[in-house]
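S.K.: Here is a sequence with its predicted model. Questions after.
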Amino acid sequence: MPTIHELTIPVLTHGLGVLSGYLDKAEAHAAARGLDPAELVGARLAPDMLPLSGQIQRASDTAKASVARLTGLAAPSFPDSETTLAELKERVARTLAFLGGVGREPFDGAEARSIELRFGKFQASYSGADYVTRFMLPNFFFHVTTAHGILRHQGVEVGKLDYLGRFD
């Protein structure tokens, strides 16, 4: 059975790496076609969904906050003020730096830690293990997948292998 550390840090790091690669492709796409990159940053799949910037911000927030909830460490706070692809890429890099600084020890006992969530009307209580598998990972990958869909819909050449990322 994988540890909570193994289910979080490497998985979140991988997914954030995928997002960083998407941002590189978005930048290249905009440059090659003479598009304003701000159009990609603000692109949405539907009017009531967050734009690309919001998807990247929520993936970052999910990664940081989840590790904090599971370990008791303080997560860095980033304002949701990114308006360029470069700023979004920097946010991903800062999130990766935070995750890279968290070792295995803070996760000791995390599988049994009680995690309480309250978002507006949503309330849930999980063990650490259930939180990771039933909330954190689905939520994180919802935002990664939605970022993929937005970019694909905007004509950026991203595909399944980009989503899956490196296999090493």
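M.R.: In hand now; what should we look at?
S.K.: C-alpha only now, for contacts and for neighbours.
M.R.: Fine.
S.K.: Relative to the centre of the protein, find the outermost residue for me.
M.R.: residue 34 (27.8 Å; C-alpha atoms, centre = their mean).
S.K.: And that one, how close does it get to residue 100?
M.R.: Distance of residue 34 to residue 100, given as C-alpha to C-alpha, to the nearest Å: 36 Å.
S.K.: Over to residue 9?
M.R.: 8 Å.
S.K.: Looking at these two, which is more packed in?
M.R.: Set residue 9 next to residue 100 and count neighbours by other C-alpha atoms under 10 Å: residue 9 wins out with 20 against 12.
S.K.: helix or strand right after the helix or strand containing that one?
M.R.: Per DSSP states H and E: residue 9 is located in helix 4-33. With elements assigned by DSSP H and E, the helix or strand that comes after helix 4-33 is helix 37-41.
S.K.: chain center to that following helix: distance?
M.R.: Its chain's average C-alpha position is 19 Å from that of helix 37-41, according to C-alpha atoms, centre = their mean, to the nearest Å.
S.K.: Give the buried residues for that helix.
M.R.: Neighbour counts over helix 37-41 (16 or more other C-alpha atoms under 10 Å) mark 37, 40, 41 as buried.
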